[in-house]
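*Asks:* Sequence and predicted structure, then a few things I'm wondering about:
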Amino acid sequence: MAQQLTDRPEATTIQDEDLLLVRDVSDKQDGPGGTDKKIPFHILRNQTLRNEVEKASGGTMTVMHTAKGQASYFFVQSAFIAKDADTGLPDSLHPMFRANSDHIRAP
């Protein structure tokens, strides 16, 4: 008989490289209760930091992580007219807010 999660010893510390057990209830491959999967702890830590920064900044900052898990902080830049930044630029939306010639809109 398989050992129940509640029968396992409790971890007293956790490191970024540790793996956590999660049950994906939307994946019915292993049965109607879901499928057990592993997730590295650093993914949860990173999401927590991102949520805290976005909440504290009122949504004007976010955090992304490098492949090595290093946090990088970003400010959300509102769109602006190019000429407002430099009178030598055109009187239209700044090019950094365009993709292929379409305006980029925030979600």
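*Replies:* Nice, I can see it. Quantities reported herein were computed from a predicted structural model and do not represent experimental measurements. Residues are numbered from 1 along each chain as shown.

*Asks:* Work out the gap between stretch 42-60 and the centre of the chain.
*Replies:* 8 Å (C-alpha atoms, centre = their mean, to the nearest Å).

*Asks:* residue ranges of the helices in the chain, please?
*Replies:* 41-56, 82-85 (DSSP state H).

*Asks:* Give me the most central residue, the chain.
*Replies:* Closest residue to the average C-alpha location of the chain: Gln47 at 5.3 Å, with C-alpha atoms, centre = their mean.

*Asks:* Tell me the spacing between it and His65.
*Replies:* Per C-beta to C-beta, to the nearest Å, Gln47 is found 10 Å from His65. All C-beta spots, glycine's among them, are computed from the backbone N, C-alpha and C.

*Asks:* try Pro90
*Replies:* Distance from Pro90 to His65, by C-beta to C-beta: 36 Å.

*Asks:* out of the two, which sits in the busier spot?
*Replies:* His65 (16 against 11; other C-beta atoms under 10 Å).

*Asks:* Give the full set of residues in contact with that one.
*Replies:* His42, Asn46, Ala71, Ser72 (C-beta atoms under 8 Å, 6 or more residues apart in numbering).

*Asks:* Val53: which of those is nearest?
*Replies:* Ala71 (8.8 Å; C-beta to C-beta).

*Asks:* Can you report how many residues neighbour that closest one?
*Replies:* Neighbour tally, Ala71, other C-beta under 10 Å: 13.

*Asks:* On the strand side of things, show who it bridges to.
*Replies:* Note on Ala71: beta-bridge partners by DSSP bridges are His65.
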